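Q: Predicted structure and sequence below. I'll ask about it afterward.
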Amino acid sequence: MFLYVLKRLFQSLITLFVITTVVFLLLRLMPEEGYFGENYDKLDEMQKEVILTEMGLRDPLHVQLGKFYKNLFHGDLGRSIVFRPRVKIWRIIKPKVPYSLWFGVASVTLSLLIGIPMGLFMARCKGHWFDSLGSGYIVLINSVPAAVYYLFIQLYLSSALRLPMLFDARNPASWVLPAVSMSLSGIAYYAMWVRRYMVDELNRDYVKLARAKGLSSTQIMTRHVIRNAFVPVTQYIPMSFLLTISGSIYVESLFSIPGMGGLLVTAIQRQDNPLVQALVLIFSSVGILGLFLGDVLMALFDPRIKLTRKAASR
Amino acid sequence: MSSFDKLTTSMESVTAEQLKDLDPALFEFAPYSENASESRGYSNYAYWRSTWRSFSHNRTAMTLLIGLIVLLCFTFVQPLLPAQKSPTQVYTNAQTGRQERNHAPCAEFWFGTNTIGQDLWARVWSGTRTSLLIGLAVGLWNAVLGIIVGALWGYVRRLDGLLTEAYNVVRNIPNSIILILASYIMRPSVGTMIAAMCVTGWLPMARFVRNQIVIIRDREYNLASRCLGTPTERLIRKNLLPYLVSVIMLRIALAIPQAIGQEVFLTYIGLGLPVSIPSLGNLINEGRIVMMSASTRYQLLFPALVLSAVTVSFYVMGNAFADAADPRNHV
Amino acid sequence: MKKFALLAALALFACAQTACARDYVAVYEAELDTVNYLKSNKTETMQLGYNTCDGLVEFDRFGLTMPSLATDWKVSDDGLTITLHVRKGVKWYTCEGKEYAEVTAHDFEAGAKWVLTKKNASVVANTIYNNIAGAKDYYQGKTADWSTVGIKALDDWTIQYTFAKRLPYALKMLSFPAFYPASQKFIDECGEDFGTSNDTMLYCGAYILTEFEPEYQRVLTANEHYWNREAISIEHMIYKYSKEASANGPELFLRGEVMDLNLPGTIMDEWMKDPEKKKLMRPTNLTNMTYFMAFNFEPLYGEEYAPKDWIEAVNNLNFRKSLFHGFDRVAALLAMAPYDYQRRLTGTLTRRNLVQVKGVDYVEMGGLAEYTHGESFDPKKALEYKAKAMEELKGKVAFPIKVVMPYNTGNVDIVNRSQVVEQQMEKLLGADYIDIILVPYPASGYNKATRTSGKFAFTQLGWGPDFVDPLSALDPVMESALSPKWSRLNLARDMRLPEGGTKFDAMAEAAAAEVNDLKKRYEMFAQAEKFLLDNAYVVPFYLSGGGFKASYLHPFYGFTSQMGINSLRKLKAAKLLDKPMNMEEYEAAEKQYLKELEEARKNAKYE
């Protein structure tokens, strides 16, 4: 197992290198005009050259790449060039990460705490009113685009519950609505899949045997079925927690939360290369880690899953 | 009712009275006959036919399936009906010469008009047609490619390392960069939109299938097949995939609503379809902008209703199909 | 008893004064990229600069020049040198309000030097090097000797500027943030981090940026030790970031969390119909940009759109005139500005209220009055010219002429407008005459893909003057000003002069050479512009700004910039009202303001 972990780690580093280099090259394909935004008209050729040189874009590609990696080894993520010129990228990201992380973790926890039991009960009461109610909720969340129901929640729920509309770090009440909004689709997701896996499991032979042996429904559920049904779900849990660092673009822009959501898209649209590279690096590391942890968690839950190579395998 | 409930009820329903009425001939020893012992029962069990039969017995699902087909046909038939308006034409008031902006639903415009005076009824149906087509194309492509790659990735251990890293690389390159670069080369159009969603859309499906296969690849029946020398392709096709039919169907069922949601997102960040082609995605975006005032809320309501109807149908059908696909539910 | 009453009255009065000094809260959708006004010319940064720092001169609420950090000045006889005396006793403060140093003449040199240093990549550098003698050479690196640049601090309290050419608006130019002071000591202390956040900047103006959290909020606090403290009436200015302000802004305003909001177009219908809400809104001032429809004389798009036919057609005067008169501006503007389109339409390229002489506005001079007061849309004339054009072009082109109109898919207004324009013009002029083809482009890199690459036939362009002079407003159509490929207008066949250059450029340059008699100067510019409009080279469309807002801020108080009331405001001497101003009050206030403006212009000391 240890060797497997080491192997994955080594592979991950190579992957990160590939990702960063590919993104770096793709960014250099963007048009030069984009670096100036709306200023493009008011600048003359000389100024544009000066600005591009100062941004480091006039160096040959391999020099730019080399500089980037050299700085990276020293732990320096570089300075932003367009988004907030000259500002250290670390300084841009640092205050935003805690907000996204807090909201992300809170919403994922809520999704798990509410979604999974909801899925369980829906499976238990398959065909009865709770199942229909839950299905109705799942369908609603899936059919109404997030952008729409977030706005509804912000406007109507906030006045109904007397909660503030915009986020304010000093006011604890303003933390509630965004976290709840973000968890809604997670709840639907977990409820839907847990229900599906539970229903599939409840059809299995060993359940019929347990019934025949005389175990009560609750005992069967808790001691046997849940564990089996849960295995596919555990795959995604580490990833969900870790990816919260990337923030939620809709919720954060609507509630004015100064988080990470939207930072990447804005950085790409404004062509702030160092910022994009740094963000991609961070998010990829997190994503790769999440994938890896998910595999490990899954293998822990189900001893029949073997991640490493065994004699009978192909 | 789940099967073990049925079992208990069927066991409990036999009373002492009924025992007495049973035919005593049933309890005599049967004579041994060599021929009879060689005969095998003919089972005309066919998996897919049974699945379909199980599905068609579910009344809700069947109604929704028929409803969906009717909806689809209607979107194609609608332009041919009489008194239909063009979805892109701007209607001006004959008297004032100004556009018929933001008219609430009335006799002239059944769903009302939008901010520049286009007929919402025609736009909704035209948009549904476009979105369903996009969703279908994207869903199908993602499913096929996702399943093939996912199955190989999950089963063939040699490919696991390579494909995991390939997946990591492609997944972590921000979609936005690729989309923006692509939009320089290809102009916004339906084809571009489908291509944009297909380039990386199959990855979640592949990962999902891979996870499922990793769970079952070392189960005893697969070990047995491998011992018997079954080729990989046959093993995947006959052992692994049928096991996963129910969950795959559920995933595919929501592909179309998800494609429409993704379209809304792409339009939100400015990479949507051109205006000459209405779609549910950009109709919902337009409606979202004006949903604040009660008088124009209908512009969001109608496309959202259609989208909800489509989503409900697919969700219920997907679940019903997933239930029907489980062989243990086949009688 | 009387004394007591008097004291009580005074106390009450004092209390009332402080009670009126409320906080100003607004939302904003676009975040600053930097707080350093020496680096960026983005609107948000410039506005921050205006409020937190002072220049040598500033403009009062009528847009008239007033001394600020300069107490008095002298212009040399040849008009190229201005010597100013710096006010004593003005201090630099840090973001915590602590005193740092005194503002001296050397600070003005230091600021300009920072801008002209290539390494700093300042976007506003061209404002300095295009106008100050010797600055361009220093910027390019041809000389490293600062003394060759025309900005000198003669001693601690005197600063001298030498301009490269004579400009009538030279003094006003010194009010630009590019010419603001900066403390060399502080710059050296901060090093590369100078100007990256509120604690790496110094403030000498009416407000201090006490809090700055990007994408969240910023707070400006009144500078207690400001040299003109009595002029400040608002204690705190709080700006909250809200990217979806067009969606949740109105609700925020109704709940009292915001005091100043531009009403999004989508909410207008509802607020207009609701009497309670209608009382809360008033028109917003127009701002600085003019939008116009331009013809492309060098189409570089693909053969499928028949560029050769287009070149033939667009060089035909009658063809252009048919489009000029066939373009229904009101219909095009209706979706975006359903209630105040009349106010926003403009008949000329240079906007009204830019320059005026002795009470006569530029747009009334040189024969422009007929365009200013007329309406270019005239279906009868359009069809007349169409008939003539078809006659003249018969056999040379294949009708219908393909008109390529690109549009930006990221801009909802443009998306809507393009569809309306296409159908309106084709319906009026006939689909046998023109075939407008809408070509979508993504928002990213839109200008490069369309205007810069010449891939358009007839499209909307926009421009805002940088200086208070028609020369700046006519930049986009002059070959010698911006890149000649900006609008490609210079490539029109009947524009070209045999010896090179264009007819319009010749007229405009002659006007620009007139620096003594302002009236003559503006007349000549107006005539040049009339030439443009008579020959239908462009179709002036509408002005930026406008719309409606719900605001507690009085629209006609508060210092302005050189563009006057149409531009960025210094909220120094702004007034916060007890309740939002409504439409009737606005009209009354506007009348009052225009009257006072007349008076003030007559008595202007420094113009």
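A: Okay, I see it. Numbers count the residues shown, from 1 in each chain, chains lettered A, B, ... in the order given.

Q: Low-confidence ranges, the stretch 51-200 of chain C, go.
A: Low-confidence segments of the stretch 51-200 of chain C (pLDDT under 70): none present.

Q: Also the stretch 1-150 of chain B?
A: B:1-14.

Q: Please enumerate the helices of it.
A: Assigned by DSSP state H, counting those that start in this stretch, the stretch 1-150 of chain B shows helices spanning B:3-12, B:16-20, B:34-38, B:47-56, B:59-77, B:120-155.

Q: Point out the most buried one among those.
A: Among the helices of the stretch 1-150 of chain B, ranked by average contacts under mean count of other C-beta atoms under 10 Å in any protein chain shown, first place goes to helix B:120-155 (a mean of 22). For glycine as for every other residue, the C-beta is placed from the backbone atoms N, C-alpha and C.

Q: what packs against that helix?
A: If you count contacts as 3 or more C-beta pairs under 8 Å, 6 or more residues apart in numbering or on different chains; DSSP states H and E, helix B:120-155 packs onto helix B:59-77, helix B:157-172, helix B:190-216, helix B:241-253, helix B:255-268, helix B:280-289, helix B:298-325.

Q: weakest of those by average pLDDT?
A: Mean pLDDT per stretch puts helix B:255-268 lowest among the helices and strands packed on helix B:120-155, at a mean of 79.

Q: Make sure I have this right: C:Ala153 is in a strand.
A: Yes: read with DSSP: H, G, I helix; E, B strand; the rest coil, C:Ala153 is one of the residues of a strand.

Q: And it, how close does it get to C:Ala110?
A: Counting by C-beta to C-beta, to the nearest Å, the gap from C:Ala153 to C:Ala110 is 9 Å.

Q: Tell me which of the two has more neighbours.
A: Neighbour tally, C:Ala153 and C:Ala110, criterion other C-beta atoms under 10 Å in any protein chain shown: the higher count belongs to C:Ala110, 21 against 17.

Q: The host helix or strand of that one versus strand C:151-155: what angle between them?
A: Taking DSSP states H and E as the criterion, C:Ala110 maps to helix C:105-116. With axes from the mean of the first three to the mean of the last three C-alpha atoms, to 10 degrees as the basis, helix C:105-116 and strand C:151-155 are set at 160 degrees to each other.

Q: show me the residues around residue 85 that make contact.
A: Assuming you mean chain A. Applying C-beta atoms under 8 Å, 6 or more residues apart in numbering or on different chains, we find A:Pro85 in contact with A:79, C:33-34, C:39-40, C:121, C:196.

Q: try chain C instead
A: By C-beta under 8 Å, 6+ apart, C:His85 lies in contact with C:70-73, C:157-158.

Q: Which one of the residues you listed sits in the busiest neighbourhood?
A: C:Ala70 (24 neighbours).

Q: Across the sheet, point out what pairs with it.
A: C:Val86 (DSSP bridges).

Q: Let me know the closest of the contacts of C:His85 to chain A.
A: Lowest distance from chain A to the contacts of C:His85 (C-beta to the nearest C-beta) belongs to C:Ala70, with 26.3 Å.

Q: The closest one contacts C:Lys88, doesn't it?
A: No: counting by C-beta atoms under 8 Å, C:Ala70 does not reach C:Lys88; the two are 11.6 Å apart.

Q: Just the element for C:Ala26, please.
A: strand C:24-28.

Q: What's the first helix or strand after that strand?
A: helix C:43-52.

Q: Okay, buried residues for the following helix or strand past that following helix please.
A: Using DSSP H and E, the helix or strand that follows helix C:43-52 in sequence is strand C:57-59. For strand C:57-59, burial by neighbour count (16 or more other C-beta atoms under 10 Å in any protein chain shown) applies to C:57-59.

Q: Kindly report the same for stretch B:262-276.
A: Using 16+ other C-beta under 10 Å as the test for burial, stretch B:262-276 gives B:262-275.

Q: what does stretch C:209-220 give?
A: Here stretch C:209-220 shows C:209-212, C:214-220 as buried, counting by 16+ other C-beta under 10 Å.

Q: Any idea which residue is closest to the centre of the chain?
A: Looking at chain A here, since you left the chain open. Centroid-nearest residue in chain A, with C-alpha atoms, centre = their mean: A:Leu243, separated by 2.9 Å.

Q: nope, chain C please
A: Most central residue of chain C, judged by C-alpha distance to the mean C-alpha position with C-alpha atoms, centre = their mean, is C:Asn288 at 3.4 Å.

Q: Where does pLDDT dip in chain A?
A: Looking along chain A with the criterion set at pLDDT under 70, you get A:308-314.

Q: Per-residue confidence, the closest residue to chain A within the stretch 401-550 of chain C, what does it come out as?
A: Per C-beta to the nearest C-beta, C:Lys448 is where the stretch 401-550 of chain C lies closest to chain A, at 4.0 Å. Looking at C:Lys448, its pLDDT stands at 78.
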